[in-house]
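sequence isn't available, so here's the structure alone:
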DNA sequence: GAAAAAAGTTGAACGCATTCATTTTTACAG
DNA sequence: CTGTAAAAATGAATGCGTTCAACTTTTTTC
């Protein structure tokens, strides 16, 4: 399947791959994803345009690589919260969501996020979209898992549908994040304020021990 | 501001405007938005490519015109539901949301919706995005208005935050619709099933008279 | 180690949305 | 009507992601 990982050729390949990704990441950060030219990325990696396309199917695949790193880190941090959530329902959810938001701009800018979201929606049959939604689904599963844990512990009404509410909450935090990515001047604090207000409305309905 | 609406020139202008929009709409429906070439639209409207750009700033503006028609019709139908909602909370919400979904594919295809959503996210500073989110906000306001009406009538717990829950519900129905637009084979019935399951989880928490 | 095969590199060429300098048409003053 | 200004139409040129046929380099074979 995956060829040899040693040998002159393989080494060179790995080096160029990293070189292209780093060049792209830097340029995306500096001038933005859309304004970054393939020529410039290739040039920065000391490679021709044609060679770039031997390493990445297209420009989007570079973005996907960066998105994947970012979301996997978010999932890692999120898992820790789900594993040992705070007692109170609202606090636990705030903690998880804050963790997500706080780790969302390490590798990606708002413009990169917008582009990733847009491409995932527009071309659903694409590897990009599939991978993006796979990551999304993992995040949603984490939110639901937290709700279930809180319910099992007796902090949430037994009759509440944790699966449904988890999805609803995830859709809401996703929508809030989209708004955040769309407003260049909006701060993380403002994002949290906006989401937490709505979160409060939900926890008020489902929490047993406030 | 707006020039004369009579005279040979103005007549011609209005005719070409309509002609281009109709040609575009037809072609979008036939081959899809992305595959539709500006050349083809211009040719179908018996106009040169350059002239097309005298009438529409870009391809997206054509889509915006169609999206606007679609959403305004949806808002019109939705207003009727909000004005005289069914007694039961869950039924009322189902009625409103069904109305939305049932009128969503009159002028637009799923692919056109995807493109519109994607562009609205990706280029927030664009007239397209502003208009799109303005329409979105009107829909959200309608959902909230319905919740408030139901609450005023005593069908929803007085302590529930109708404003917050309206937004949450809207974000959820939006997410469901996005999923629908992304799966070519998904039916309207399947869309409603998926959303109504989650809606049930919420109404179970807020409804007073089941 | 030479020849053949395989893998990788390259930049010119292509498709398509959008722009723009030039030409054509319309409106209108005298 | 005619001359002129304003408005509109036109299609060739531009920019940029992506493709591809020709060329190099590395690996394998004997």
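Alright, I've got the coordinates. Nothing here was measured: the structure is a model prediction, and the numbers come from that model.

wait, residue A:151 sits on residue A:160?
Yes: with contact defined as Cβ atoms under 8 Å, residue A:151 reaches residue A:160; the gap is 6.7 Å. (Glycine included, C-beta is placed from N, CA and C.)

neighbours around residue A:46, how many?
Other residues lying near residue A:46 total 11 when counted by other Cβ atoms under 10 Å in any protein chain shown.

now residue A:179
Burial measure for residue A:179: 18 neighbouring residues, criterion other Cβ under 10 Å.

now do the contacts for it.
Contacts here follow Cβ atoms under 8 Å, 6 or more residues apart in numbering or on different chains; on that basis residue A:179 touches A:186, A:191, A:194.

got a markdown table for those residues, with distance to DNA strand C too?
As requested, these are exported to a markdown table (distance: Cβ to the nearest atom of the strand, whole Å):
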| residue | distance to DNA strand C |
| --- | --- |
| A:186 | 27 |
| A:191 | 30 |
| A:194 | 32 |
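
quick one, which of the residues you listed are buried?
Buried positions within these, assessed by neighbour count (16 or more other Cβ atoms under 10 Å in any protein chain shown), are A:191, A:194.

export the contacts of residue A:179 to CSV and tack on distance to chain B?
Shown next, in CSV, are the contacts of residue A:179 (distance: Cβ to the nearest Cβ, whole Å):
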residue, distance to chain B
A:186, 11
A:191, 14
A:194, 9
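
what pLDDT does the model give the closest residue to residue A:142 other than its chain neighbours?
Closest residue to residue A:142 in three dimensions, ignoring its sequence neighbours and counting by Cβ to Cβ, 6 or more residues apart in numbering or on different chains: residue A:78, at 4.9 Å. Each residue has a pLDDT score; the one for residue A:78 is 98.

OK, contacts around residue A:78?
Residues counted as contacts of residue A:78 (Cβ under 8 Å, 6+ apart) are A:96, A:99, A:100, A:139, A:142.

residue A:57 now?
With the criterion set at Cβ under 8 Å, 6+ apart, residue A:57 makes contact with residue A:127.

check the secondary structure at it for me.
Using DSSP: H, G, I helix; E, B strand; the rest coil as the criterion, the local structure at residue A:57 reads coil.

how near is it to DNA strand C?
Separation of residue A:57 from DNA strand C (Cβ to the nearest atom of the strand, to the nearest Å): 13 Å.

number of nearby residues for residue A:166?
Neighbours of residue A:166 under the rule other Cβ under 10 Å: 21.

host element of it?
helix A:162-182 (DSSP states H and E).

is any residue of the worst-scoring helix or strand of chain A on mean pLDDT near chain B?
The element with the least model confidence among the helices and strands of chain A, by mean pLDDT, DSSP states H and E, is helix A:8-31, at a mean of 92. No: applying Cβ under 8 Å from any Cβ of the partner chain, one finds helix A:8-31 out of contact with chain B, separated by at least 14.3 Å.

tell me which of the contacts of residue A:179 fall in helices.
A:191, A:194 (DSSP state H).

and the residue sitting nearest the centre point of chain A, what helix or strand is that in?
With distances taken as Cα atoms, centre = their mean, the residue of chain A nearest its centroid is residue A:71 (3.6 Å). When secondary structure is defined by DSSP H and E, residue A:71 falls within helix A:59-83.

between that helix and helix A:8-31, how many degrees?
Helix A:59-83 runs at 80 degrees relative to helix A:8-31, counting by axes from the mean of the first three to the mean of the last three Cα atoms, to 10 degrees.

helix A:59-83 and DNA strand C, any residue contact?
No: under the criterion of Cβ under 7 Å from any atom of the strand, DNA strand C is not reached by helix A:59-83; the shortest gap measures 12.5 Å.

excluding chain neighbours, what is closest to the residue nearest to the centre of chain A?
Once its chain neighbours are removed from consideration, residue A:71 has its nearest residue in residue A:135; the separation is 4.3 Å (Cβ to Cβ, 6+ apart).

show me what contacts that neighbour?
Contacts for residue A:135 were tallied using Cβ under 8 Å, 6+ apart; they are A:67, A:68, A:71, A:72, A:75.

that one: which element?
For residue A:135, the element it lies in under DSSP H and E is helix A:127-152.

what strand or helix carries the residue lying closest to residue A:133 once chain neighbours are set aside?
Closest residue in space to residue A:133, ignoring its immediate chain neighbours: residue A:120 at 6.4 Å, by Cβ to Cβ, 6+ apart. Secondary structure from DSSP H and E places residue A:120 in helix A:110-122.

and the angle from that helix to helix A:162-182?
Taking the same axes, to 10 degrees, one finds that helix A:110-122 is oriented at 130 degrees with respect to helix A:162-182.

show me the contact partners of helix A:110-122.
Identification of contacts with helix A:110-122 by Cβ under 8 Å, 6+ apart yields A:28, A:32-34, A:60, A:63-64, A:66-67, A:104, A:108, A:126, A:128-129, A:132-133, A:177-178, A:180-182, A:184, B:114-115, B:117-119, B:121-122, B:124, B:178, B:181-182.

also stretch A:44-55?
With Cβ under 8 Å, 6+ apart as the test, stretch A:44-55 has contacts from A:13, A:16-17, A:19-20, A:22-23, A:26-27, A:38-39, A:41-42.

residues from chain A in reach of chain B?
By the rule Cβ under 8 Å from any Cβ, the part of chain A lying against chain B is A:114-115, A:117-119, A:121-122, A:124, A:129, A:159-161, A:164-165, A:167-168, A:171-172, A:174-176, A:178, A:181-183, A:197-198, A:200-202, A:204-206.

can we see that at 7 Å?
With Cβ under 7 Å from any Cβ of the partner chain as the criterion, chain A meets chain B at residues A:114-115, A:117-118, A:121-122, A:124, A:160-161, A:164-165, A:167-168, A:171-172, A:174-175, A:178, A:182, A:197-198, A:201-202, A:205-206.

chain neighbours aside, what residue packs nearest to residue A:176?
Counting by Cβ to Cβ, 6+ apart, the nearest residue to residue A:176 once its immediate chain neighbours are dropped is residue A:195, at 4.3 Å.

burial measure for the one you found, as a count.
Using other Cβ under 10 Å as the criterion, residue A:195 is surrounded by 23 other residues.
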